[in-house]
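**Q** Have a look at this prediction, sequence included:
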Amino acid sequence: PPAASADPSPPPAEPTPSPSFSIDDGNAAPSAAPAAVAEKSTARTAPATDNVAGTMLNSMNDAKAKAEASVAVADESDLPRMILLMRVTNMAAAALLITCSILELIPAGTHISVWIMAIYASCGGILVCCLETQLKFVRTVIAMNFGFLFNSVYRFLFYCLMASVCWSYEGLLGYITSITLAVVAVFNTYVLCRYPSYRRMRENIAAEEDRRIQAKINQQVAKQAASNMGWGS
């Protein structure tokens, strides 16, 4: 038998395990990098987009605020002229109403219903004239007895009523007066809606008149109570 070799061949080395990559791992590793890049790019571009939108919105708000401020300044500058114009037109319409109503009373044989409406319209015109004078003692008396003239809606309806009375006169002057009253009523409403500051001023005047009325009522109540106590004793 052949002799055994003195240097037997070494046993085969065990193979070194190589790292294994699954298909899923291989696919996941490359896709993670683009996702991270996309997130970074989105994080970089989103604030820029938000800043642009916020800047545009702020500029629009600033422009709107400047426009409103300029309109308010223009309104404040025009307000005294509009108030004077409104008072003049109201007094002119009231004078025309009084004139038209008195002329309806002059002809002989006028029906009693026309007399009543003409007297009523004349009193309404005098009432408007007294109110537009803006005298405090007159205004307080009117506020105590004819408070509807301090309300824009009721005053508009009152003007419409006076216009309908003048229209019933069936004359040229009556038609002119009726149209004038209707136009003035619309103009008054326009001024109150167009100039909120004037509306607030009228509300303050109405509140002041309410306080004066309440003070007068309290005085009358106190006088009445004192007289009753003296009479009873």
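**A** Thanks, I have the structure now.
**Q** any chance you could map the helices in this protein?
**A** Secondary structure of the chain, counting by DSSP state H: helices at 23-105, 112-132, 136-145, 152-167, 172-194, 196-232.
**Q** what helices or strands is the fourth one leaning on?
**A** The contact analysis (3 or more C-beta pairs under 8 Å, 6 or more residues apart in numbering; DSSP states H and E) places helix 152-167 against helix 23-105, helix 112-132, helix 172-194. C-beta coordinates here come from the backbone N, C-alpha and C atoms, glycine included.
**Q** ok, now the third one?
**A** Using 3+ C-beta pairs under 8 Å, 6+ apart, the elements in contact with helix 136-145 are helix 112-132, helix 196-232.
**Q** May I see the ones you listed organised as CSV, with distance to Leu157 and mean neighbour count added?
**A** Listed next are the helices and strands packed on helix 136-145 as CSV, based on distance: least, C-beta to C-beta, whole Å; neighbours: other C-beta atoms under 10 Å:
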stretch, distance to Leu157, mean neighbour count
helix 112-132, 12, 17
helix 196-232, 17, 11
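**Q** Can you tell me how far the closest residue to Val138 other than its chain neighbours is from Arg139?
**A** Distance criterion C-beta to C-beta, 6 or more residues apart in numbering; nearest residue to Val138, sequence neighbours excluded, is Cys130 at 5.1 Å. Distance, Cys130 to Arg139, using C-beta to C-beta, to the nearest Å: 8 Å.
**Q** Give me the neighbour count for Thr140.
**A** 16 (other C-beta atoms under 10 Å).
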